[in-house]
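A.B. asks: Return atomic coordinates for the entry below.
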Amino acid sequence: MHNGSTRTVKERRPDTQLRFGLMWPNSPAPNVTSRAVADRNPDVLDVDQHMALARTAESIGVDFVFFADGYTHHGPDNARVGHGEPCIAAPIWAPVVMAATRHIGVVTTIHTRYHSPAVIARFGANLDVLSGGRWGWNVVPGANPAESRLLGLPEDIDHDDRYAMAAETIDAVRTLWTANGEPVEFDGRFVSFSGTPRGPYPVQRPWPLLFNAGVSPAGQELIANACDYAFFAVVDDLAKVREPVQRLADLTESRGRSPLEVNMAGSIGVVVGQTHAEAREKYEWIRDSVDLPAARGWARGFLSRSQTYQSTFDSAEFDRTARKIGLAAGSRVLVGTAEEVAEQLIDIHRATGLRGFMLLVLLWAPDEVAKLADVFPHLRKANVWTPPAERGWCW
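C.D. replies: Predicted coordinates for the structure are as follows:
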């Protein structure tokens, strides 16, 4: 996809400067349960739109794009409004972004319960080669009962065992990634295999970056031991963000790693306008278009299987919680001019210790995302962000 002269192998350079990811649009309205928003967004199955968006993301200063993924939708109401349906498959569509760009990181979700280590290792190695050393793996244990039923898997594996399986799968995949044409063996609690895996092998050394969103004790143990990026929803109560960030930093250090080795990013919605009034009007239109039955479906899924959401949101006031989750998955939404949004990002960074943000764009047409470009100069002026090109496009 890229010849040797144009490859940008992304290196690890831990520091205190902010990093930014873009949650990639994998459905018509991935971050809001709204038919109106879905109709206003581009066709999610149009390859040219994805290529144009990828070039826009790279040009404005985003460090990586992030493909979430799954195998079942959130319910008939969600499918009706274009929320999560249709949903493009992360490892299949990621090369579209890779082909359109030269430097930006491309992170894809692959579930450890749904694929064998040999399949994950082969997909991952090829994606890293296709990108020229820019691929990252979002490690998801796989907790959705509907997906387990669809894939013919048992539904009774408990939370901590899922994370234990994920940790063991990571070890197994890394064993395969470093085989270099030699026979390997692996004998674990969940995974056992032997043989010689085919190349190619990953370009990044010693292996590609790993992401995980766990905030439970088992999830944070996995991140502290094996991952390079953690991400959290930035909810309105910043104390609920600061506490897991600090806990993970302490745990990472206790495992013999510098806390800077794990970048902690916050998922956050963003609506930018030329004026505050313009941004506010756009935000209110999006908010008022949220489809409550679809929001309920999304909320039920989160609240039934995510310890993060169970601890953050009040299930006793379900419709209020559903409306919140129906807009940016319950994350805070920053609204304002580019300067106002930058100031809010800086305030959250300083209040919580987050060293990056996963941007959730509700309207994802390339010209809408391009408006984020004006945010970054204000961050640079505050000495919290350095343009990726000036730091070698490192992770």
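A.B. asks: Just the local confidence number for the closest residue to residue 276 other than its chain neighbours, please.
C.D. replies: By the measure of CB to CB, 6 or more residues apart in numbering, the closest residue to residue 276 outside its immediate chain neighbours is residue 336, 5.2 Å from it. No exception for glycine: its C-beta is placed from N, CA and C like everyone else's. Residue 336 is assigned a predicted lDDT (pLDDT) of 98.
A.B. asks: Likewise for residue 244?
C.D. replies: 92.
A.B. asks: host element of it?
C.D. replies: helix 239-254 (DSSP states H and E).
A.B. asks: Just to be sure, residue 108 is in a helix?
C.D. replies: No: with DSSP: H, G, I helix; E, B strand; the rest coil as the criterion, residue 108 is strand rather than part of a helix.
A.B. asks: going forward can the numbers begin at 32, since that is how I track them
C.D. replies: Got it, the first residue is 32 from now on, which makes the last one we talked about residue 139.
A.B. asks: Pull the number of nearby residues for it.
C.D. replies: 26 (other CB atoms under 10 Å).
A.B. asks: Which residue is the nearest non-sequential neighbour of it?
C.D. replies: Leaving aside its chain neighbours, residue 139 sits nearest to residue 121 (4.0 Å; criterion: CB to CB, 6+ apart).
A.B. asks: and that neighbour, how many neighbours?
C.D. replies: Neighbour tally, residue 121, other CB under 10 Å: 22.
A.B. asks: now swap in residue 281 and tell me
C.D. replies: 13.
A.B. asks: now the residue nearest to residue 307: how far from residue 313?
C.D. replies: Distance, residue 367 to residue 313, using CB to CB, to the nearest Å: 11 Å.
A.B. asks: Who has more neighbours out of those two?
C.D. replies: Per other CB under 10 Å, whichever of residue 367 and residue 313 has more neighbours is residue 367, with 22 against 17.
A.B. asks: partners of the more buried one in the sheet?
C.D. replies: Beta-bridge pairing for residue 367 (DSSP bridges): residue 303.
A.B. asks: from memory it sits against residue 308, does it?
C.D. replies: No: contact criterion CB atoms under 8 Å: residue 367 and residue 308 do not qualify, at 9.9 Å.
A.B. asks: Remind me which helix or strand residue 335 belongs to.
C.D. replies: Following DSSP H and E, one finds residue 335 within helix 323-336.
A.B. asks: So which elements touch that helix?
C.D. replies: Counting contacts by 3 or more CB pairs under 8 Å, 6 or more residues apart in numbering; DSSP states H and E, helix 323-336 is packed against helix 107-111, helix 338-343, helix 349-356.
A.B. asks: Ranked by average pLDDT, which of the ones you listed falls at the bottom?
C.D. replies: helix 338-343 (a mean of 65).
A.B. asks: List the buried residues in stretch 284-302.
C.D. replies: Using 16 or more other CB atoms under 10 Å as the burial criterion, the residues of stretch 284-302 that qualify are 290, 293-302.
A.B. asks: cool, stretch 412-426 as well?
C.D. replies: For stretch 412-426, a neighbour-count test (16+ other CB under 10 Å) marks 415-417, 419, 424-426 as buried.
A.B. asks: Looking at those residues, which is nearest residue 232?
C.D. replies: Of all those, residue 232 sits closest to residue 426, with 19.0 Å by CB to CB.
A.B. asks: Surely that closest one touches residue 136?
C.D. replies: Yes: taking contacts as CB under 8 Å, residue 426 lies within contact range of residue 136: 6.3 Å.
A.B. asks: Please enumerate the shared neighbours of those two.
C.D. replies: Residues touching both residue 426 and residue 136 (CB atoms under 8 Å, 6 or more residues apart in numbering): 41, 94-95, 167, 240.
A.B. asks: who wins for neighbours among those?
C.D. replies: Within these, residue 95 tops the neighbour count with 30 neighbours, counted by other CB under 10 Å.
A.B. asks: Leaving out the residues flanking it, which one is nearest to that residue?
C.D. replies: residue 136 (3.2 Å).
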